[in-house]
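*Asks:* make a model of this:
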Amino acid sequence: MTVGVLLLLRAIISALFSPRVGNSVAQSHHTSAFKVRGLVTALFAILPGVSLRSFSTRAQAQCYPMQRVRFKDFNEAVRCFEIVAQDYERQSQYARALVEEHFDAKKVLSDLMAIVLSPRHSRPPRVPRQNRPTAKIAAECISWRWNGNLGDDMIYAAQEAMFADTLDLQQYRDKPEGVLVRGGTLIPKFPEHPDLLELSSRLPTVIWGTGVGDPLFWGKDHIPTWLEVIKNSRYVGVRGPLSKTRLEEWGASGGQIEWIGDPALYFADGIVHTPVPHRLAVNLGTTYGKLYGFDEAGFEIIVVRALQQLAHLGWHITLISVWRPDDEVVERVSSQIPHSAVELWHDDYLRALNSVEKFDLMICEKPHAGVVAACRAVPFVALNYRSKGMDFCLSIGWEEFCIETSRLTPEAIIHSIAKLGATQDDYALHLLDGVEQCKKRLMDAIPRSVAALRNDRIG
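*Replies:* Numbering: from 1, shown residues only. Next up is the predicted model:
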């Protein structure tokens with residue numbers, strides 16, 4: 001293969017998939033999706049000596065152990081390229097996380113040495129088959145992880161804890177016995193697993209705390225596929241009331257669907273902690289232009305003006321980032337307002353849960369910053385940039401303090417903070433009650449979902 005051909009390939013891929021700024025992101029990705037099949041065809045036309053199976057993509061491997069990093073046929077290659085085209089920013093994070101997880105020399109070599117040097121006699125004795133506990137269900141987990149996103153990591157950790165005794169969760173496993181579609185806003189996006197529809201047609205499938213997003217941002221092309229997956233599923237528990245209503249409006253059977261809450265509420269401890277007075281945590285980040293009002297720069301200006309006034313009123317502000325790409329926004333805002341500290345929560349959800357206890361109140365753009373606050377009964381103002389913020393707030397009875405970004409003003413933020421601050425203790429107890437009721441729904445749904453996966457298991 002000549003250097004010229006390689007440079008040509010690099011130019012083509014860069015032109016198709018390089019990120020844009022502002023509101024052109026959605027449009028550019030929508031356009032590139034139509035070019036995907038042509039690109040894949042061109043790749044294999046000019047590289048006739050290269051096997052289709054030799055190519056890999058983060059859209060396949062996600063951020064899990066690389067049990068499957070090759071395409072099985074041409075159509076799967078096209079589908080995986082489409083995943084990258086439609087969600088370039090997230091896939092870029094996945095790619096970096098994959099390299100850091102599997103090719104970091106310090107980690108790989110330390111793990112290898114531990115295996116090589118461990119004495120064979122230290123292995124636990126084999127348990128006779130008749131004495132072994134009931135085997136866990138080998139579940140294909142449709143999920144995200146290790147991409148520097150607080151919410152994704154919290155949800156996956158909650159799943160592992162809730163299903164620790166019943167499910168063996170992996171992604172792209174060879175012989176799954178069931179399918180778990182996890183929390184986070186997956187619907188109506190392009191299915192993260194290119195074979196999800198086929199898997200749901202032959203394996204017990206459970207929808208678990210999954211969010212249903214606004215087609216204003218994600219389009220309607222994949223709604224029919226998701227409705228078919230839901231029809232095939234033996235248990236459907238979505239994130240909140242808004243997700244349930246949206247599916248019913250699209251034609252899904254209402255009797256088949258219930259809302260169970262965000263899986264990350266598993267970490268709620270049921271305690272009202274003692275905060276430091278007048279300490280305000282503020283979470284901001286990027287949406288790549290996908291927010292109500294479609295004016296990210298204008299939104300940021302409004303929030304900065306509100307924070308400047310709140311600082312003048314005596315609030316001690318700590319800026320919070322919950323996703324690595326949000327760090328740039330936090331740094332920019334920090335140069336415009338008085339603030340006490342900056343905290344990065346995206347690499348350690350346990351640290352986030354411990355840190356949030358000290359704050360009197362919180363302002364949250366990203367929903368799982370609000371989930372962290374709710375888990376520790378810290379009253380918060382949600383800036384609803386997409387419907388997932390309201391979906392979560394409705395599930396815990398907190399919609400009064402959820403403000404849509406298209407109608408956001410500095411005065412609205414300041415008024416909400418003043419109202420919460422006036423009787424913080426009462427609102428903390430109100431929030432605690434709403435979270436506990438929602439968490440009960442979540443925990444009560446665990447045995448029903450496991451039963452759905454166990455019935456008529458396919459070996």
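*Asks:* can you get me a residue count around the nearest residue to Pro338 once chain neighbours are set aside?
*Replies:* Take Pro338 and drop its neighbours on the chain: the residue closest to it by Cβ to Cβ, 6 or more residues apart in numbering is Ala311, 4.3 Å away. For glycine as for every other residue, the C-beta is placed from the backbone atoms N, C-alpha and C. Using other Cβ atoms under 10 Å, Ala311 has 16 neighbouring residues.
*Asks:* A helix includes Ala311, no?
*Replies:* Yes. Counting by DSSP: H, G, I helix; E, B strand; the rest coil, one finds Ala311 located in a helix.
*Asks:* ok, Ile257 - contacts?
*Replies:* 230, 236-238, 244, 247-248 (Cβ atoms under 8 Å, 6 or more residues apart in numbering).
*Asks:* export those as TSV, with columns for neighbour count, distance to Pro367 and secondary structure.
*Replies:* TSV is the format used below for these (neighbours: other Cβ atoms under 10 Å; distance: Cβ to Cβ, whole Å; DSSP: H, G, I helix; E, B strand; the rest coil):
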residue	neighbour count	distance to Pro367	secondary structure
Ile230	24	22	helix
Val236	25	21	strand
Gly237	27	18	strand
Val238	29	14	strand
Lys244	23	17	helix
Leu247	26	19	helix
Glu248	14	22	helix
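*Asks:* just the closest of the residues you listed to Ala135, please.
*Replies:* Gly237 (23.9 Å; Cβ to Cβ).
*Asks:* quick check: the closest one touching Glu258?
*Replies:* Yes. Judged on Cβ atoms under 8 Å, Gly237 makes contact with Glu258 at a distance of 5.5 Å.
*Asks:* now do the shared contacts for these two.
*Replies:* With Cβ under 8 Å, 6+ apart as the test, Gly237 and Glu258 both reach Ala445.
*Asks:* before we move on, the earlier item: check the contacts of Ile257 and tell me the two furthest apart.
*Replies:* The largest separation in these, counting by Cβ to Cβ, is between Gly237 and Glu248 at 14.2 Å.
*Asks:* can you map out the helices along the stretch 251-400 of the chain?
*Replies:* 296-312, 327-334, 349-355, 367-375, 387-395 (DSSP state H, counting those that start in this stretch).
*Asks:* dump these to TSV, plus distance to Asp174 and mean pLDDT.
*Replies:* As requested, the helices of the stretch 251-400 of the chain are exported to TSV (distance: least, Cβ to Cβ, whole Å; pLDDT from 0 to 100):
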stretch	distance to Asp174	mean pLDDT
helix 296-312	43	98
helix 327-334	38	98
helix 349-355	30	97
helix 367-375	32	98
helix 387-395	33	98
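*Asks:* quick check: buried residues in stretch 428-440?
*Replies:* Of all the residues in stretch 428-440, those buried under the rule 16 or more other Cβ atoms under 10 Å are 428, 430-432, 434-435, 438-439.
*Asks:* out of those residues, which is nearest to Ser395?
*Replies:* Among these, and counting by Cβ to Cβ, the member closest to Ser395 is Cys438, at 5.1 Å.
*Asks:* wait, the closest one sits on Leu394?
*Replies:* No. Taking contacts as Cβ under 8 Å, Cys438 lies outside contact range of Leu394: 9.8 Å.
*Asks:* grab the CA positions of the strand or helix carrying Glu228 and hand them over as PDB.
*Replies:* Assigned by DSSP states H and E, Glu228 belongs to helix 223-232. What follows is helix 223-232, C-alpha atoms only, in PDB (Å, rounded to 0.1, in the frame of the first residue of the first chain):
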ATOM      1  CA  ILE A 223     -37.900   4.900  16.700                       C
ATOM      2  CA  PRO A 224     -39.400   1.900  14.800                       C
ATOM      3  CA  THR A 225     -36.300  -0.200  15.700                       C
ATOM      4  CA  TRP A 226     -36.600   0.700  19.400                       C
ATOM      5  CA  LEU A 227     -40.300   0.000  19.400                       C
ATOM      6  CA  GLU A 228     -39.600  -3.400  18.100                       C
ATOM      7  CA  VAL A 229     -36.900  -4.000  20.700                       C
ATOM      8  CA  ILE A 230     -39.400  -2.900  23.400                       C
ATOM      9  CA  LYS A 231     -42.100  -5.200  22.000                       C
ATOM     10  CA  ASN A 232     -39.600  -8.100  22.200                       C
END
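*Asks:* quick check: mean pLDDT of the strand ranked longest in the chain?
*Replies:* The longest strand of the chain (DSSP state E) is strand 205-212. Averaged over strand 205-212, pLDDT sits at 97.
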